[in-house]
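> turn this into a model:
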Amino acid sequence: MKKAILYFNNIKLNPSQIQKLRGYVGNVFAEHDLIHNHDSDSGKSIYRYPLIQFKIIDHTPCIVALTEKAVQVFSKIFMSLDEIVIEGKVIPVFEKDLKVESTEFGFSDEMFMYEFVGAPWMSLNQNNFKRFIALKNERERKKLLNRILVGNILSMSKYLGVHLEKEQIIQTDTQLKQTKAILKGKQMMGFKGIFKANFMIPNYLGLGKSVSRGFGTIRRLI
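Residues are numbered from 1 along each chain as shown. Coordinates of the predicted model:
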């Protein structure tokens, strides 16, 4: 699978400004729905795994594109991005570092270890948040998070056109801690830590909710 990352090396943003970066770029290149995930005619949200994601990696703002189609859009427009506007401030883009690579994605007979980097993994929706809070046993809470993580991987896999056979069962093992996160101005519960999965996930892709804004970004450890 093709993947590209564009780093803005001379720019420093805090995590709350990543959504503003996404909004600015989405407005400038509004004809490309892969960026903003809204239908150009109706304005309605397009529900799919975001193929273009905005995030901070090692303190550097960047944009990740996944699949050949997204990388083509990405390569054409983002190399012409010479400035960004955040909160009314015009920020020149002096240094851009574009890395394009082919990467493995899909089920594996091996277990790989990953960590969540940057913004937390936003795993809980309204329904499973209530379930999580109601569970007093940490072992049961961990089982619930494992099931949600498997669901996140399956959903991502489906949208990226990778379908598993019946005998290919995803297994996960999480070691996570609760943390506070701000999403759309609201304080919510997120998770940081590590997990194992028998699935190959390219570095810096996101899992869970709001991955286009940098939440749930993973990096492989082993």
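
> and the longest helix for this structure?
helix 138-159 (DSSP state H).

> direction included, what does the very next helix or strand once past that one pair against?
On the C-terminal side of helix 138-159, the closest following helix or strand by DSSP states H and E is strand 172-183. If you go by DSSP bridges, strand 172-183 pairs up with strand 186-200 (antiparallel).

> tell me the mean pLDDT for the strand it pairs with?
For strand 186-200, mean pLDDT rounds to 96.

> what angle separates it from helix 138-159?
Following axes from the mean of the first three to the mean of the last three C-alpha atoms, to 10 degrees, one obtains 70 degrees for the angle between strand 186-200 and helix 138-159.

> now the longest helix of the chain: buried residues?
For helix 138-159, the neighbour count (16 or more other C-beta atoms under 10 Å) marks 141, 144-146, 148-150, 152-153, 156-157 as buried. C-betas here are computed from N, CA, C, even on glycine.

> give me the contact list for the strand or helix carrying residue 107.
In this assignment (DSSP H and E), residue 107 forms part of strand 106-116. Contacts to strand 106-116, defined as C-beta atoms under 8 Å, 6 or more residues apart in numbering, come from residues 157, 162, 164, 168, 170-171, 176, 191-201, 216-222.

> of these, buried ones?
Buried, going by 16+ other C-beta under 10 Å: 157, 170, 176, 191-201, 216-219, out of the contacts of strand 106-116.

> hang on, the earlier thing: nearest to residue 64 among the buried residues of helix 138-159?
residue 156 (13.2 Å; C-beta to C-beta).

> which residue sits closest to the closest one, ignoring its sequence neighbours?
Using C-beta to C-beta, 6 or more residues apart in numbering and skipping the chain neighbours, the partner closest in space to residue 156 is residue 49 (5.1 Å).

> counting neighbours, what do you get for that neighbour?
The number of residues packed near residue 49 is 20, by other C-beta atoms under 10 Å.

> okay, now the domains of this protein?
2-102, 106-220 (automatic domain parsing).

> weakest of those domains by average pLDDT?
Among the domains of the chain, domain 2-102 carries the lowest mean pLDDT (a mean of 87).

> and that one, how far apart are its ends?
Using C-alpha to C-alpha, to the nearest Å, the end-to-end distance of domain 2-102 comes to 5 Å.

> tell me the spacing between the residue nearest to residue 156 and residue 155.
According to C-beta to C-beta, to the nearest Å, residue 49 and residue 155 sit 7 Å apart.

> and what of residue 68?
Distance from residue 68 to residue 155, by C-beta to C-beta: 21 Å.

> with residue 110 instead?
Applying C-beta to C-beta to residue 110 and residue 155 gives a distance of 22 Å.

> pull stretch 74-94 out as CSV, backbone CA atoms only.
Extracted C-alpha coordinates of stretch 74-94, given in CSV (Å, rounded to 0.1, in the frame of the first residue of the first chain):
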residue,chain,number,x,y,z
PHE,A,74,-1.5,14.8,-2.1
SER,A,75,1.6,15.1,-4.3
LYS,A,76,-0.1,17.5,-6.7
ILE,A,77,-1.5,20.0,-4.3
PHE,A,78,0.6,20.0,-1.1
MET,A,79,3.9,20.8,-2.8
SER,A,80,2.3,24.1,-3.8
LEU,A,81,1.3,24.9,-0.3
ASP,A,82,3.6,27.9,0.5
GLU,A,83,1.8,29.2,3.5
ILE,A,84,-0.9,28.3,6.0
VAL,A,85,-3.2,30.6,8.0
ILE,A,86,-3.8,29.6,11.7
GLU,A,87,-6.1,31.8,13.9
GLY,A,88,-5.6,34.7,11.5
LYS,A,89,-1.8,34.4,11.4
VAL,A,90,-0.1,33.8,8.1
ILE,A,91,2.7,31.3,8.5
PRO,A,92,5.2,30.9,5.6
VAL,A,93,6.1,27.3,4.8
PHE,A,94,9.9,27.4,4.2
